[in-house]
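Q: show me how the following folds:
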Amino acid sequence: MTAVEKVEEQLAALRIARRCVPRQEPAYLLDIDTCRASQASSSSSLVAVSCSSPALRLYHRDTLQLLREYRAQPGALSGVRFARTCPSVVFSGCSQGTLQCWDARSASQKPVQVFSGYPSNVFISFDVSCTDLIVCAGTEKVEKDTFLVFWDARGVTDCASATKEPLGVYSESHNDDITKICFHPIEPNLVVSGSTDGLVNVFDINKDNEDDALISTCNSDSSVSSLGWSGEDYKQVYCTTHDEGFCWWDIAQLDTEEPITLLHVLDARESVCTENHHLHYLVGGLYHEKAQKLFLLGGTSTGDIHLISCGTDGLGLVGSLCGGHSATVRSFCWSPTDESLLTGGEDAQLLLWKPGAVERSLTKKAALKISSSVQKRVRVHNTSLKSRKKCSA
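A: Numbering: from 1, shown residues only. You can find the predicted model right below:
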(Lines give C-alpha, C1' and ligand atoms only; values in the text may rest on other atoms or scores of the structure.)
Protein backbone atom coordinates (compact mmCIF):
# COMPACT_ATOMS: atom_id res chain seq x y z
CA MET A 1 0.00 0.00 0.00
CA THR A 2 1.40 3.40 -0.97
CA ALA A 3 1.61 6.32 1.43
CA VAL A 4 -1.24 8.07 -0.35
CA GLU A 5 -3.44 4.96 -0.23
CA LYS A 6 -2.72 4.59 3.48
CA VAL A 7 -3.70 8.21 4.16
CA GLU A 8 -6.87 7.84 2.11
CA GLU A 9 -7.75 4.75 4.13
CA GLN A 10 -7.18 6.67 7.38
CA LEU A 11 -9.35 9.55 6.22
CA ALA A 12 -12.15 7.20 5.22
CA ALA A 13 -11.89 5.59 8.68
CA LEU A 14 -12.54 8.85 10.56
CA ARG A 15 -15.30 8.43 13.14
CA ILE A 16 -16.90 10.75 15.69
CA ALA A 17 -14.84 10.89 18.89
CA ARG A 18 -16.51 13.87 20.54
CA ARG A 19 -19.56 16.07 20.00
CA CYS A 20 -20.09 19.41 21.71
CA VAL A 21 -23.33 20.09 23.55
CA PRO A 22 -25.35 22.60 21.44
CA ARG A 23 -25.88 25.95 23.15
CA GLN A 24 -29.29 27.28 24.17
CA GLU A 25 -28.70 30.05 21.65
CA PRO A 26 -27.82 28.06 18.51
CA ALA A 27 -25.63 29.62 15.85
CA TYR A 28 -23.86 28.66 12.66
CA LEU A 29 -20.21 27.69 13.23
CA LEU A 30 -18.48 29.67 10.50
CA ASP A 31 -14.74 29.22 11.10
CA ILE A 32 -12.50 26.96 13.22
CA ASP A 33 -8.84 27.13 14.18
CA THR A 34 -6.63 25.19 16.58
CA CYS A 35 -3.40 26.23 18.21
CA ARG A 36 -0.30 25.05 16.32
CA ALA A 37 2.28 26.28 18.85
CA SER A 38 4.82 23.63 19.76
CA GLN A 39 5.23 24.50 23.42
CA ALA A 40 3.14 22.39 25.81
CA SER A 41 0.59 24.37 27.80
CA SER A 42 -3.09 24.38 28.61
CA SER A 43 -3.59 26.94 25.85
CA SER A 44 -2.12 24.63 23.20
CA SER A 45 -5.15 22.34 23.49
CA LEU A 46 -7.66 25.05 22.56
CA VAL A 47 -10.11 25.28 19.67
CA ALA A 48 -11.43 28.67 18.60
CA VAL A 49 -14.75 28.97 16.76
CA SER A 50 -16.37 32.05 15.24
CA CYS A 51 -20.15 31.95 15.29
CA SER A 52 -22.98 33.79 13.58
CA SER A 53 -24.42 34.92 16.94
CA PRO A 54 -21.87 36.77 16.73
CA ALA A 55 -19.47 35.32 19.29
CA LEU A 56 -15.97 33.89 19.53
CA ARG A 57 -15.94 30.63 21.50
CA LEU A 58 -13.02 28.69 22.97
CA TYR A 59 -13.31 24.93 23.51
CA HIS A 60 -11.00 22.32 25.00
CA ARG A 61 -9.41 20.47 22.10
CA ASP A 62 -9.92 16.92 23.44
CA THR A 63 -13.23 17.16 25.31
CA LEU A 64 -14.95 19.92 23.27
CA GLN A 65 -16.01 21.47 26.56
CA LEU A 66 -16.89 25.17 26.15
CA LEU A 67 -14.37 27.16 28.19
CA ARG A 68 -15.30 30.77 27.46
CA GLU A 69 -17.02 33.06 25.02
CA TYR A 70 -16.13 36.56 23.84
CA ARG A 71 -18.85 38.97 22.72
CA ALA A 72 -17.15 42.34 22.98
CA GLN A 73 -17.06 43.12 19.28
CA PRO A 74 -20.04 44.42 17.29
CA GLY A 75 -20.85 43.29 13.77
CA ALA A 76 -20.36 40.03 11.90
CA LEU A 77 -17.23 37.96 12.53
CA SER A 78 -14.97 37.32 9.56
CA GLY A 79 -12.87 34.49 10.92
CA VAL A 80 -10.63 33.32 13.76
CA ARG A 81 -6.88 32.57 13.91
CA PHE A 82 -4.48 31.53 16.65
CA ALA A 83 -1.06 33.11 16.72
CA ARG A 84 1.43 30.58 15.37
CA THR A 85 4.14 31.21 17.95
CA CYS A 86 2.09 31.90 21.09
CA PRO A 87 -0.72 29.49 22.11
CA SER A 88 -2.56 32.02 24.27
CA VAL A 89 -3.13 34.63 21.54
CA VAL A 90 -6.17 34.43 19.26
CA PHE A 91 -7.30 36.91 16.60
CA SER A 92 -10.83 37.55 15.37
CA GLY A 93 -12.05 39.70 12.50
CA CYS A 94 -15.03 41.99 12.61
CA SER A 95 -17.06 43.57 9.83
CA GLN A 96 -17.08 46.88 11.72
CA GLY A 97 -13.61 47.83 10.53
CA THR A 98 -11.47 46.21 13.25
CA LEU A 99 -9.59 43.05 14.12
CA GLN A 100 -9.29 42.02 17.78
CA CYS A 101 -6.55 40.15 19.62
CA TRP A 102 -7.60 38.13 22.68
CA ASP A 103 -5.72 36.53 25.57
CA ALA A 104 -7.13 33.00 25.64
CA ARG A 105 -6.13 32.66 29.30
CA SER A 106 -8.45 35.48 30.31
CA ALA A 107 -12.25 35.66 30.46
CA SER A 108 -12.13 39.44 30.07
CA GLN A 109 -14.48 40.76 27.40
CA LYS A 110 -11.90 43.41 26.51
CA PRO A 111 -9.42 42.51 23.75
CA VAL A 112 -5.74 43.00 24.56
CA GLN A 113 -5.27 44.74 21.23
CA VAL A 114 -7.45 46.22 18.50
CA PHE A 115 -6.29 46.65 14.90
CA SER A 116 -8.30 49.52 13.46
CA GLY A 117 -8.94 50.04 9.77
CA TYR A 118 -9.98 53.08 7.80
CA PRO A 119 -13.48 54.58 8.34
CA SER A 120 -15.16 52.90 5.36
CA ASN A 121 -13.59 49.45 5.88
CA VAL A 122 -15.86 46.40 6.24
CA PHE A 123 -13.61 43.40 6.87
CA ILE A 124 -14.78 40.03 5.55
CA SER A 125 -11.48 38.10 5.59
CA PHE A 126 -8.11 38.13 7.35
CA ASP A 127 -5.04 36.08 8.20
CA VAL A 128 -1.85 36.26 10.28
CA SER A 129 1.64 35.55 8.92
CA CYS A 130 3.40 32.37 10.06
CA THR A 131 5.79 34.42 12.20
CA ASP A 132 2.95 36.50 13.72
CA LEU A 133 4.61 39.70 12.47
CA ILE A 134 1.97 40.87 10.00
CA VAL A 135 -1.84 40.83 10.00
CA CYS A 136 -3.74 41.36 6.75
CA ALA A 137 -7.47 41.90 6.25
CA GLY A 138 -9.63 42.10 3.12
CA THR A 139 -12.57 44.45 2.71
CA GLU A 140 -15.93 44.49 1.03
CA LYS A 141 -16.16 46.77 -1.97
CA VAL A 142 -17.38 50.21 -0.89
CA GLU A 143 -18.24 52.44 -3.84
CA LYS A 144 -15.25 51.68 -6.11
CA ASP A 145 -12.75 50.74 -3.42
CA THR A 146 -11.58 47.39 -2.09
CA PHE A 147 -8.47 47.02 0.08
CA LEU A 148 -5.95 44.62 1.53
CA VAL A 149 -5.06 46.31 4.82
CA PHE A 150 -1.80 45.47 6.68
CA TRP A 151 -0.73 45.93 10.31
CA ASP A 152 2.42 45.29 12.34
CA ALA A 153 1.37 42.58 14.81
CA ARG A 154 4.47 42.57 16.97
CA GLY A 155 4.00 42.97 20.71
CA VAL A 156 0.27 42.31 20.69
CA THR A 157 0.29 40.91 24.23
CA ASP A 158 2.41 43.73 25.67
CA CYS A 159 0.01 46.64 25.07
CA ALA A 160 -3.25 46.11 26.91
CA SER A 161 -6.19 47.43 24.87
CA ALA A 162 -3.88 49.46 22.66
CA THR A 163 -5.10 50.31 19.17
CA LYS A 164 -2.85 49.80 16.15
CA GLU A 165 -3.15 51.79 12.95
CA PRO A 166 -2.51 50.20 9.54
CA LEU A 167 0.95 50.03 7.99
CA GLY A 168 -0.66 50.55 4.59
CA VAL A 169 -2.93 49.03 1.96
CA TYR A 170 -3.00 47.39 -1.47
CA SER A 171 -5.85 48.89 -3.46
CA GLU A 172 -5.28 48.14 -7.16
CA SER A 173 -5.17 44.34 -7.49
CA HIS A 174 -8.83 43.45 -6.82
CA ASN A 175 -11.99 45.23 -7.94
CA ASP A 176 -14.57 43.44 -5.78
CA ASP A 177 -15.03 41.92 -2.28
CA ILE A 178 -11.85 40.21 -1.00
CA THR A 179 -13.37 37.01 0.36
CA LYS A 180 -10.25 35.09 1.48
CA ILE A 181 -6.67 35.76 2.56
CA CYS A 182 -4.05 33.10 3.33
CA PHE A 183 -0.41 33.64 4.30
CA HIS A 184 2.16 31.08 3.18
CA PRO A 185 2.73 28.38 5.86
CA ILE A 186 6.54 28.81 5.93
CA GLU A 187 7.37 32.00 3.99
CA PRO A 188 6.12 34.98 6.05
CA ASN A 189 6.44 37.44 3.15
CA LEU A 190 4.06 35.56 0.83
CA VAL A 191 0.28 35.98 0.94
CA VAL A 192 -2.51 34.96 -1.44
CA SER A 193 -5.87 36.71 -1.74
CA GLY A 194 -9.11 35.72 -3.46
CA SER A 195 -12.10 37.82 -4.47
CA THR A 196 -15.57 37.75 -5.96
CA ASP A 197 -13.89 39.27 -9.02
CA GLY A 198 -12.54 35.74 -9.68
CA LEU A 199 -8.89 36.68 -9.23
CA VAL A 200 -6.42 34.86 -7.00
CA ASN A 201 -3.39 37.08 -6.39
CA VAL A 202 -0.04 36.08 -4.87
CA PHE A 203 2.00 38.89 -3.26
CA ASP A 204 5.51 39.25 -1.87
CA ILE A 205 4.92 41.90 0.78
CA ASN A 206 8.66 42.54 1.20
CA LYS A 207 8.54 44.55 -2.03
CA ASP A 208 8.31 48.32 -1.87
CA ASN A 209 5.01 48.80 -3.67
CA GLU A 210 1.89 46.91 -4.75
CA ASP A 211 2.90 46.58 -8.42
CA ASP A 212 6.23 44.97 -7.55
CA ALA A 213 4.65 42.86 -4.80
CA LEU A 214 2.15 41.21 -7.16
CA ILE A 215 3.91 37.97 -8.20
CA SER A 216 1.04 36.20 -9.90
CA THR A 217 -2.59 36.70 -10.88
CA CYS A 218 -4.66 33.57 -11.53
CA ASN A 219 -8.26 33.66 -12.74
CA SER A 220 -10.79 31.22 -11.30
CA ASP A 221 -13.50 32.52 -13.67
CA SER A 222 -15.85 32.66 -10.66
CA SER A 223 -16.22 34.05 -7.14
CA VAL A 224 -13.58 32.68 -4.72
CA SER A 225 -14.96 31.00 -1.59
CA SER A 226 -11.80 29.42 -0.12
CA LEU A 227 -8.11 29.14 -0.95
CA GLY A 228 -4.84 27.73 0.35
CA TRP A 229 -1.31 26.51 -0.32
CA SER A 230 -0.23 22.99 -1.22
CA GLY A 231 2.57 20.92 -2.75
CA GLU A 232 6.22 20.44 -1.86
CA ASP A 233 7.44 23.56 -0.02
CA TYR A 234 3.90 24.89 -0.57
CA LYS A 235 4.59 26.23 -4.06
CA GLN A 236 1.06 25.54 -5.29
CA VAL A 237 -2.12 27.57 -4.77
CA TYR A 238 -5.69 26.28 -4.96
CA CYS A 239 -9.15 27.76 -4.55
CA THR A 240 -12.80 26.72 -4.47
CA THR A 241 -15.56 28.94 -5.81
CA HIS A 242 -19.06 29.91 -4.73
CA ASP A 243 -20.53 27.86 -7.59
CA GLU A 244 -18.58 24.77 -6.39
CA GLY A 245 -15.70 24.98 -8.85
CA PHE A 246 -12.07 24.13 -8.10
CA CYS A 247 -8.82 25.61 -9.44
CA TRP A 248 -5.24 24.52 -8.76
CA TRP A 249 -2.07 26.30 -9.91
CA ASP A 250 1.69 25.66 -9.66
CA ILE A 251 3.37 28.98 -8.84
CA ALA A 252 6.80 27.35 -9.27
CA GLN A 253 6.13 27.24 -13.03
CA LEU A 254 5.80 31.02 -13.38
CA ASP A 255 9.26 31.47 -14.89
CA THR A 256 9.16 28.34 -17.04
CA GLU A 257 7.54 27.25 -20.28
CA GLU A 258 5.31 24.79 -18.41
CA PRO A 259 1.59 25.59 -17.91
CA ILE A 260 0.75 26.98 -14.50
CA THR A 261 -2.72 25.39 -14.26
CA LEU A 262 -2.72 21.91 -12.70
CA LEU A 263 -6.50 21.42 -12.70
CA HIS A 264 -9.63 23.49 -13.36
CA VAL A 265 -12.97 21.89 -12.52
CA LEU A 266 -16.01 24.02 -13.35
CA ASP A 267 -18.41 22.07 -11.11
CA ALA A 268 -17.09 19.56 -8.58
CA ARG A 269 -20.63 18.29 -7.98
CA GLU A 270 -20.54 16.66 -11.40
CA SER A 271 -17.03 15.29 -11.03
CA VAL A 272 -17.26 13.28 -7.81
CA CYS A 273 -20.89 12.20 -7.49
CA THR A 274 -21.71 8.52 -7.66
CA GLU A 275 -24.89 6.49 -7.52
CA ASN A 276 -25.03 6.65 -3.71
CA HIS A 277 -23.08 9.82 -2.93
CA HIS A 278 -24.11 13.26 -4.13
CA LEU A 279 -22.05 16.39 -3.54
CA HIS A 280 -23.95 19.63 -2.87
CA TYR A 281 -21.08 22.00 -1.97
CA LEU A 282 -17.37 22.38 -1.24
CA VAL A 283 -16.08 23.76 2.05
CA GLY A 284 -12.33 23.98 1.42
CA GLY A 285 -9.07 22.09 1.10
CA LEU A 286 -6.43 20.47 3.28
CA TYR A 287 -2.89 19.59 2.26
CA HIS A 288 -1.59 16.38 3.85
CA GLU A 289 2.15 16.91 4.27
CA LYS A 290 3.09 13.27 4.94
CA ALA A 291 1.33 12.02 1.84
CA GLN A 292 2.12 15.21 -0.13
CA LYS A 293 -1.48 15.10 -1.26
CA LEU A 294 -4.20 17.73 -1.55
CA PHE A 295 -7.73 16.84 -0.44
CA LEU A 296 -11.01 18.76 -0.55
CA LEU A 297 -13.83 18.60 1.95
CA GLY A 298 -17.43 18.94 0.77
CA GLY A 299 -20.82 17.61 1.70
CA THR A 300 -24.57 17.51 1.48
CA SER A 301 -27.31 19.74 2.86
CA THR A 302 -28.26 16.93 5.28
CA GLY A 303 -24.84 16.93 6.95
CA ASP A 304 -22.89 14.15 5.23
CA ILE A 305 -19.22 15.02 4.68
CA HIS A 306 -17.28 13.92 1.59
CA LEU A 307 -13.49 13.68 1.45
CA ILE A 308 -12.18 14.21 -2.06
CA SER A 309 -8.69 13.58 -3.45
CA CYS A 310 -7.15 16.01 -5.96
CA GLY A 311 -4.92 14.95 -8.83
CA THR A 312 -3.92 16.52 -12.13
CA ASP A 313 -6.23 13.95 -13.74
CA GLY A 314 -9.26 15.09 -11.73
CA LEU A 315 -11.14 14.72 -8.44
CA GLY A 316 -12.05 11.44 -6.75
CA LEU A 317 -14.20 10.50 -3.75
CA VAL A 318 -12.10 9.01 -0.92
CA GLY A 319 -14.85 8.42 1.62
CA SER A 320 -17.90 9.87 3.36
CA LEU A 321 -18.43 10.74 7.03
CA CYS A 322 -22.07 10.22 7.90
CA GLY A 323 -24.19 10.34 11.04
CA GLY A 324 -22.57 13.45 12.49
CA HIS A 325 -24.08 16.70 11.28
CA SER A 326 -27.73 17.24 10.39
CA ALA A 327 -27.23 20.32 8.19
CA THR A 328 -24.67 22.00 5.93
CA VAL A 329 -21.08 21.91 7.22
CA ARG A 330 -19.51 25.37 6.95
CA SER A 331 -16.09 25.00 8.60
CA PHE A 332 -13.39 22.48 9.41
CA CYS A 333 -9.85 22.26 10.76
CA TRP A 334 -7.42 19.41 10.14
CA SER A 335 -4.83 18.44 12.79
CA PRO A 336 -1.81 16.61 11.32
CA THR A 337 -0.51 15.83 14.81
CA ASP A 338 -3.15 13.21 15.62
CA GLU A 339 -4.73 12.91 12.14
CA SER A 340 -8.03 14.30 13.43
CA LEU A 341 -10.68 16.55 11.93
CA LEU A 342 -12.89 19.20 13.54
CA THR A 343 -16.10 20.21 11.76
CA GLY A 344 -18.78 22.82 12.45
CA GLY A 345 -22.05 23.50 10.71
CA GLU A 346 -25.46 25.07 10.46
CA ASP A 347 -26.78 22.60 13.04
CA ALA A 348 -24.69 24.41 15.72
CA GLN A 349 -22.65 21.26 16.35
CA LEU A 350 -18.88 21.02 16.73
CA LEU A 351 -17.59 17.50 16.04
CA LEU A 352 -14.20 15.88 16.55
CA TRP A 353 -13.41 13.00 14.17
CA LYS A 354 -10.54 10.54 14.70
CA PRO A 355 -9.50 7.38 12.83
CA GLY A 356 -11.48 4.41 14.16
CA ALA A 357 -12.88 6.37 17.10
CA VAL A 358 -15.92 5.39 19.14
CA GLU A 359 -18.07 8.32 20.23
CA ARG A 360 -17.95 8.86 23.99
CA SER A 361 -20.39 11.75 24.20
CA LEU A 362 -23.85 11.13 25.62
CA THR A 363 -25.37 13.85 23.47
CA LYS A 364 -27.52 12.47 20.65
CA LYS A 365 -27.39 13.89 17.18
CA ALA A 366 -29.70 16.87 17.02
CA ALA A 367 -31.98 16.53 14.01
CA LEU A 368 -32.40 20.24 13.54
CA LYS A 369 -31.63 22.90 11.01
CA ILE A 370 -31.40 26.03 13.11
CA SER A 371 -32.80 29.38 12.13
CA SER A 372 -30.03 31.92 12.28
CA SER A 373 -29.73 35.57 11.35
CA VAL A 374 -26.56 34.93 9.41
CA GLN A 375 -25.30 38.13 7.85
CA LYS A 376 -25.91 38.73 4.16
CA ARG A 377 -22.21 38.52 3.34
CA VAL A 378 -22.16 34.83 4.36
CA ARG A 379 -23.04 33.27 1.04
CA VAL A 380 -25.50 30.39 0.91
CA HIS A 381 -24.28 27.34 -0.96
CA ASN A 382 -26.21 26.59 -4.13
CA THR A 383 -27.26 22.96 -3.90
CA SER A 384 -28.95 22.63 -7.27
CA LEU A 385 -27.19 21.80 -10.48
CA LYS A 386 -29.52 24.14 -12.38
CA SER A 387 -29.08 23.59 -16.09
CA ARG A 388 -25.86 21.61 -15.76
CA LYS A 389 -26.04 17.92 -16.56
CA LYS A 390 -26.96 15.70 -13.65
CA CYS A 391 -24.94 12.80 -12.31
CA SER A 392 -25.43 9.50 -14.01
CA ALA A 393 -25.45 6.32 -12.03
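Q: quick one, helices of the stretch 201-350 of the chain?
A: Remark: helices assigned in the stretch 201-350 of the chain by DSSP state H, counting those that start in this stretch are 210-213, 268-272.
Q: quick one: pLDDT of Asn276?
A: Asn276 carries a pLDDT score of 69 in this model.
Q: for Ser88, same thing?
A: 89.
Q: right, and it touches Asp103 too?
A: Yes. Counting by C-beta atoms under 8 Å, Ser88 touches Asp103, with 5.9 Å between them. Quick note: C-beta positions are derived from backbone N, CA and C, even for glycine.
Q: Arg71 reaches Ser108, doesn't it?
A: No. Look at Arg71 against Ser108 with C-beta under 8 Å: they stay out of range, at 11.7 Å.
Q: measure the closest residue to Val142 other than its chain neighbours to Gly97 for me?
A: Take Val142 and drop its neighbours on the chain: the residue closest to it by C-beta to C-beta, 6 or more residues apart in numbering is Ser120, 4.8 Å away. Ser120 sits 8 Å away from Gly97, going by C-beta to C-beta, to the nearest Å.
Q: who's more crowded, the two?
A: The residue with more neighbours, out of Ser120 and Gly97, is Gly97; 18 against 12, by other C-beta atoms under 10 Å.
Q: tell me the contacts of the residue nearest to Val142?
A: Residues in contact with Ser120 (C-beta atoms under 8 Å, 6 or more residues apart in numbering) are Gly97, Val142, Glu143, Asp145.
Q: the second one pairs with what?
A: Listed beta-bridge partners, Val142: Asp145 (assigned using DSSP bridges).
Q: repeat that for Glu69.
A: In this entry, Glu69 is beta-bridged to Arg57, by DSSP bridges.
Q: okay, buried residues for the top helix by length along the chain please.
A: When the chain is parsed with DSSP state H, its longest helix is helix 3-12. Within helix 3-12, the residues that count as buried by 16 or more other C-beta atoms under 10 Å are Val4, Val7, Glu8, Gln10, Leu11.
Q: state the mean pLDDT of the helix or strand following that helix.
A: Counting by DSSP states H and E, the next helix or strand C-terminal to helix 3-12 is strand 14-19. The predicted model assigns strand 14-19 a mean pLDDT of 95.
Q: which strands or helices does strand 14-19 pack on?
A: Packed against strand 14-19, as judged by 3 or more C-beta pairs under 8 Å, 6 or more residues apart in numbering; DSSP states H and E, are the following elements: strand 314-321, strand 340-345, strand 350-355.
Q: which strands and helices sit next to the helix or strand that it is followed by?
A: Heading C-terminal from strand 14-19, the first helix or strand you meet, by DSSP H and E, is strand 29-34. Counting contacts by 3+ C-beta pairs under 8 Å, 6+ apart, strand 29-34 packs against strand 46-51, strand 77-82, strand 329-335, strand 340-345.
Q: could you dump those strands to TSV with mean neighbour count, mean pLDDT and distance to Ser223?
A: Output for the helices and strands packed on strand 29-34, formatted as TSV (neighbours: other C-beta atoms under 10 Å; pLDDT from 0 to 100; distance: least, C-beta to C-beta, whole Å):
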stretch	mean neighbour count	mean pLDDT	distance to Ser223
strand 46-51	25	95	21
strand 77-82	25	92	16
strand 329-335	21	96	16
strand 340-345	24	96	21
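Q: for stretch 21-37, buried residues please.
A: Burial within stretch 21-37, assessed by neighbour count using 16+ other C-beta under 10 Å, is assigned to 22, 26-37.
Q: which among those gets closest to Asp313?
A: Nearest to Asp313 among the buried residues of stretch 21-37 is Ile32, at 30.8 Å by C-beta to C-beta.
Q: quick one: contacts for the residue lying closest to the closest one once chain neighbours are set aside?
A: Once flanking residues are discounted, Ile32 sits nearest to Cys333: 4.2 Å by C-beta to C-beta, 6+ apart. Going by C-beta under 8 Å, 6+ apart, Cys333 touches Ile32, Asp33, Thr34, Val47, Leu341, Leu342.
Q: and the two most separated of those residues?
A: The distance between the two most remote of these (C-beta to C-beta) is 13.4 Å, for Asp33 and Leu341.
Q: gap between the residue lying closest to Leu148 once chain neighbours are set aside and Leu214?
A: Nearest non-adjacent residue to Leu148, counting by C-beta to C-beta, 6+ apart: Tyr170, 4.1 Å away. When C-beta to C-beta is applied, the distance between Tyr170 and Leu214 equals 8 Å.
Q: overlap in contacts of those two?
A: Each of Phe203 lies in contact with both Tyr170 and Leu214 under the rule C-beta under 8 Å, 6+ apart.
Q: the two: which is more packed in?
A: A direct count of neighbours by other C-beta under 10 Å for Tyr170 and Leu214 places Tyr170 higher, at 24 against 16.
Q: dump the contacts of Ser120 to JSON lines, plus pLDDT and distance to Ser52.
A: JSON lines is the format used below for those (pLDDT from 0 to 100; distance: C-beta to C-beta, whole Å):
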{"residue": "Gly97", "pLDDT": "86", "distance to Ser52": "19"}
{"residue": "Val142", "pLDDT": "92", "distance to Ser52": "22"}
{"residue": "Glu143", "pLDDT": "90", "distance to Ser52": "27"}
{"residue": "Asp145", "pLDDT": "92", "distance to Ser52": "27"}
